[in-house]
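Novice: give me coordinates for this.
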Amino acid sequence: SALLQEIKVLVVAHNIPARLFSDWYVAIATSPVTCPQDSAPSRSTAEVVAECLTLLLQLAACIQSLEDDSEDTSESVHTLGPELLIPVEAINYLCNAEECATPEDFLRIYLSPSQPTLDSETVWPVPSHFSA
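Specialist: Predicted coordinates:
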């Protein structure tokens with residue numbers, strides 16, 4: 001499927017037991033495009049990622065406060081806080097960014113974690129400062 005060809009993976013793990021999203025569901029929300037797709041953003045990838053994460057946290061807080069305040073949660077996310085949705089151009093920029101890993105790269109890195117050798121673990125050959 002064309003939708004799944006150039007997917008990027010973003011992993012955020014922070015205080016999982018107290019996460020803001022206790023339930024998961026999927027809804028399609030369209031965000032208006034504010035700048036042409038051909039134009040290159042003047043911001044770095046790190047700035048775009050920071051903006052997206054900030055919007056997601058604000059959206060989560062908004063959803064949580066709405067769930068706490070009322071029993072009716074039938075309204076969709078894009079009607080409750082459209083200004084908190086990640087802009088389409090930011091998603092497109094991150095999908096095409098060289099700094100973002102492809103799913104294949106992510107799985108390769110995830111399945112083969114680095115295991116650095118500490119200086120105290122080296123027993124052979126004997127470190128030079130012990131053999132003098």
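Novice: pretty sure residue 101 contacts residue 107?
Specialist: No. If you go by Cβ atoms under 8 Å, residue 101 and residue 107 don't touch, sitting 9.2 Å apart. Where C-beta positions appear, they are placed from N, C-alpha and C, glycine not excepted.
Novice: more neighbours: those two, which one.
Specialist: A side-by-side neighbour count of residue 101 and residue 107, using other Cβ atoms under 10 Å, places residue 101 first with 16 against 12.
Novice: how about the secondary structure of the more buried one?
Specialist: The local conformation at residue 101, judged by DSSP: H, G, I helix; E, B strand; the rest coil, is coil.
Novice: got the phi and psi for it?
Specialist: phi -80, psi 150 (degrees, to the nearest 10).
Novice: buried sites along stretch 97-108?
Specialist: For stretch 97-108, burial by neighbour count (16 or more other Cβ atoms under 10 Å) applies to 100, 101, 106.
Novice: ok, residue 59 - how many residues close by?
Specialist: Using other Cβ under 10 Å as the criterion, the residues surrounding residue 59 number 19.
Novice: that one contacts residue 66, correct?
Specialist: No. Counting by Cβ under 8 Å, no contact exists between residue 59 and residue 66, whose distance comes to 10.6 Å.
Novice: quick one: list the elements packing against the lengthiest helix in the chain.
Specialist: Longest helix in the chain, counting residues (DSSP state H): helix 45-69. Judged by 3 or more Cβ pairs under 8 Å, 6 or more residues apart in numbering; DSSP states H and E, helix 45-69 is in contact with helix 77-80, helix 88-96.
Novice: perfect, I'm done here.
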